[in-house]
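Enquirer: Coordinates for the following, if possible.
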Amino acid sequence: MFFPSGLVVAPAETPGGAPNVLFVANANSELRYDSGSINVIDLTKVEAAIDDWTGPNKNANGCTPDVDHRETLVCDSRRFMKLTVLEQSAAVRIGNFSTDIALQDFTTSTTGVPVVHFRLFVPTRGDPSVAWADYNGDRLSCTGGSDSFALCDDAHRLQTPSDALFGDVIPDEPFDVFADSANGFAIVTHLTNGAVALIDSPADGNAQLADLRLNVFAPDPGTGLRGATGVAGRLQPRPPGGPPGVDDIVYVGSRTDNRIQTFTVTQPPSDSPPYLVPGNFFFLDSVGNNGVGNSVDTRGLRMSPDGNRMYAINRRPPSVQVFDTTTGPDGLPRNRATGASDICPEASNLAVADNGNGERVYITCFQDGTVYVVDPRGTSQVEDIITVGRGPFAIAASPVLKKLFISNFLEDTIAVVDVDPASATKDRVVLRIGIPRAP
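Expert: Numbers count the residues shown, from 1 in each chain. The predicted structure follows:
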């Protein structure tokens, strides 16, 4: 791992049982190597190491206890790779400066046996492009060949085609990505120009750029730059055999504008590509009784698992805001602010999970090296602050394993946090995957 920037856990609800893996996007931000990469970490090995270490025998299995936090085991990252160096590599290489990763789950089940098919999307700033790769349960693939640890070919690095609709190149600074499995698309935001891109990605076909919306948000008065940042979707799966056009409502935040813009994805009845339809927007001008007004620099958006709440983290002022997204009498989401909490400066990302004691929001704090735990019930409140490492950036939750995975961007590690409410190590880092790199 080298400057890990994106994390996603294989979904647990895959028919027949999902591969127990964590996908990691590496940014290669010092350009020490010839490319970034997508790595595959075997969570079965991770769980076994944690169980041995936290059990009565305190078996480290060749790893090392952290000298400052004895409850934490530090293991070389190669120990947990999906396939060892003696077998064919499961990883692939991508462009430099990746920012995020998202997953579509196209797995099917035949007589109870899953036919695994995950598709991963990684925005990469260095090209700029969006890399995509398919995973079959054993390895990732993003070329037409069978080479191991291959560099994704041009067909798997989406760049805007040179035509009148899009212009010459994809906009700079692809930033965040949201992927929809049921309706077959992904959305990518762009940090310095306010653009929003739509990727058409059906289960039985290749991913391709389908639409692009420019200048979605107002520019910064000082720099003139427009910024689209966090993106999340309120899932509205299309009914089997139903008419096209019943898709997610997609929420997009901004670095430069104090509002959330919504979109829907419309699929024409013909074989024409889908396209983005701008919807309503709402301002970040007040939240409950907390008086958080004119919030800007929204860095992350996430939906609750049932789609009834949306969480937004903002840097100015530092806050997490909660919105009611239940359907109102008019058939549209209410998008009504219900609460807010002060959080750390320089918040980067968030995850939402119910680990057995109600929904919690977990927020990475890049500057502080911590994760804030927020209880969103009522007007919301900060429940705990966990020290996790240097430069925590991406975060992924597994409610099944009751674990958090945090990418420590500045030290090349993944911190594994126990969030089981019944555990003696609740809200503690129990395992660090990778040997922390010196500052």
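Enquirer: now residue 318, which residues is it bridged with?
Expert: Per DSSP bridges, the residues bridged to residue 318 are residue 315.
Enquirer: what sits against it?
Expert: Neighbouring residues of residue 318 by CB atoms under 8 Å, 6 or more residues apart in numbering: 342, 343, 344, 345, 346, 347. No exception for glycine: its C-beta is placed from N, CA and C like everyone else's.
Enquirer: ok, the fifth one to residue 367 distance?
Expert: When distances are taken as CB to CB, to the nearest Å, residue 346 and residue 367 turn out to be 4 Å apart.
Enquirer: The second one too?
Expert: Applying CB to CB, the value for residue 343 to residue 367 is 11 Å.
Enquirer: now the third one
Expert: Remark: distance between residue 344 and residue 367 (CB to CB) = 7 Å.
Enquirer: In terms of packing, which of the two has more residues around it?
Expert: Taking neighbours as other CB atoms under 10 Å, residue 344 and residue 367 compare with residue 344 leading, 21 against 12.
Enquirer: so that one touches residue 370, yeah?
Expert: Yes: assessed by CB atoms under 8 Å, residue 344 is found in contact with residue 370 at 6.5 Å.
Enquirer: Identify each buried residue in stretch 414-428, please.
Expert: 414, 415, 416, 417, 418, 419, 425, 426, 427, 428 (16 or more other CB atoms under 10 Å).
Enquirer: residues making contact with it?
Expert: Here stretch 414-428 has contacts from 1, 4, 7, 22, 24, 41, 46, 50, 54, 69, 71-72, 77, 353, 355-357, 360, 362, 371, 373, 384, 386, 388-389, 392, 397, 402-408, 429-434, using CB under 8 Å, 6+ apart.
Enquirer: What distance separates the opening and closing residues of that stretch?
Expert: 13 Å (CA to CA, to the nearest Å).
Enquirer: And that stretch, how far out from the chain middle?
Expert: 20 Å (CA atoms, centre = their mean, to the nearest Å).
Enquirer: cool, and stretch 267-287?
Expert: Here stretch 267-287 is found 20 Å from its chain centre; the criterion is CA atoms, centre = their mean.
Enquirer: May I have it as PDB, with CA atoms only?
Expert: Extracted in PDB, the C-alpha atoms of stretch 267-287 (Å, rounded to 0.1, in the frame of the first residue of the first chain):
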ATOM      1  CA  GLN A 267     -32.900   5.800 -19.300                       C
ATOM      2  CA  PRO A 268     -34.600   6.400 -22.700                       C
ATOM      3  CA  PRO A 269     -36.900   3.600 -24.000                       C
ATOM      4  CA  SER A 270     -34.500   3.100 -26.900                       C
ATOM      5  CA  ASP A 271     -30.900   1.900 -26.800                       C
ATOM      6  CA  SER A 272     -29.700   5.500 -26.300                       C
ATOM      7  CA  PRO A 273     -27.400   6.200 -23.400                       C
ATOM      8  CA  PRO A 274     -28.900   7.400 -20.100                       C
ATOM      9  CA  TYR A 275     -28.600  11.000 -19.100                       C
ATOM     10  CA  LEU A 276     -28.600  13.300 -16.100                       C
ATOM     11  CA  VAL A 277     -31.700  15.300 -15.200                       C
ATOM     12  CA  PRO A 278     -31.100  18.100 -12.700                       C
ATOM     13  CA  GLY A 279     -33.700  18.200  -9.900                       C
ATOM     14  CA  ASN A 280     -34.400  20.300  -6.900                       C
ATOM     15  CA  PHE A 281     -31.700  21.700  -4.700                       C
ATOM     16  CA  PHE A 282     -31.700  22.900  -1.100                       C
ATOM     17  CA  PHE A 283     -29.400  25.200   0.900                       C
ATOM     18  CA  LEU A 284     -27.200  24.400   3.900                       C
ATOM     19  CA  ASP A 285     -28.500  27.500   5.600                       C
ATOM     20  CA  SER A 286     -29.800  26.200   8.900                       C
ATOM     21  CA  VAL A 287     -29.900  23.000  10.900                       C
END
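Enquirer: pLDDT (mean, whole number) over that stretch?
Expert: Stretch 267-287 shows a mean pLDDT of 84.
Enquirer: Quick check: buried residues in it?
Expert: 267, 274, 275, 276, 281, 282, 284, 287.
Enquirer: what does stretch 335-345 give?
Expert: 335, 337, 338, 339, 340, 341, 343, 344.
Enquirer: mind checking the SS state of the second one?
Expert: Per DSSP: H, G, I helix; E, B strand; the rest coil, the secondary structure class of residue 337 is strand.
Enquirer: Residue 301 versus that one, what's the distance?
Expert: 14 Å.
Enquirer: Is residue 103 bridged to anything, and to what?
Expert: residue 120.
Enquirer: ok, now which ones touch it?
Expert: Contacts of residue 103 by CB under 8 Å, 6+ apart are 8, 10, 11, 23, 118, 119, 120, 121, 179.
Enquirer: Direction included, what does the helix or strand of the chain with the lowest mean pLDDT pair up with?
Expert: Scoring the helices and strands of the chain by mean pLDDT, DSSP states H and E places strand 108-110 at the bottom, with a mean of 80. Strand pairing for strand 108-110, using DSSP bridges, gives strand 113-115 (antiparallel).
Enquirer: roughly how far is the partner strand from the heart of the chain?
Expert: The answer for strand 113-115 is 25 Å, by CA atoms, centre = their mean.
Enquirer: Could I get the buried residue list for it?
Expert: residue 114.
Enquirer: repeat for stretch 178-192
Expert: Buried-residue list, stretch 178-192, by 16+ other CB under 10 Å: 178-181, 183-192.
Enquirer: Do you have the strands of the stretch 151-300 of the chain handy? List them.
Expert: 157-158, 174-180, 185-190, 196-200, 208-213, 228-234, 249-254, 259-266, 275-283, 296-303 (DSSP state E, counting those that start in this stretch).
Enquirer: Run me through the strand neighbours of the first one, direction for each.
Expert: According to DSSP bridges, strand 157-158 has the following sheet partners: strand 129-135 (antiparallel).
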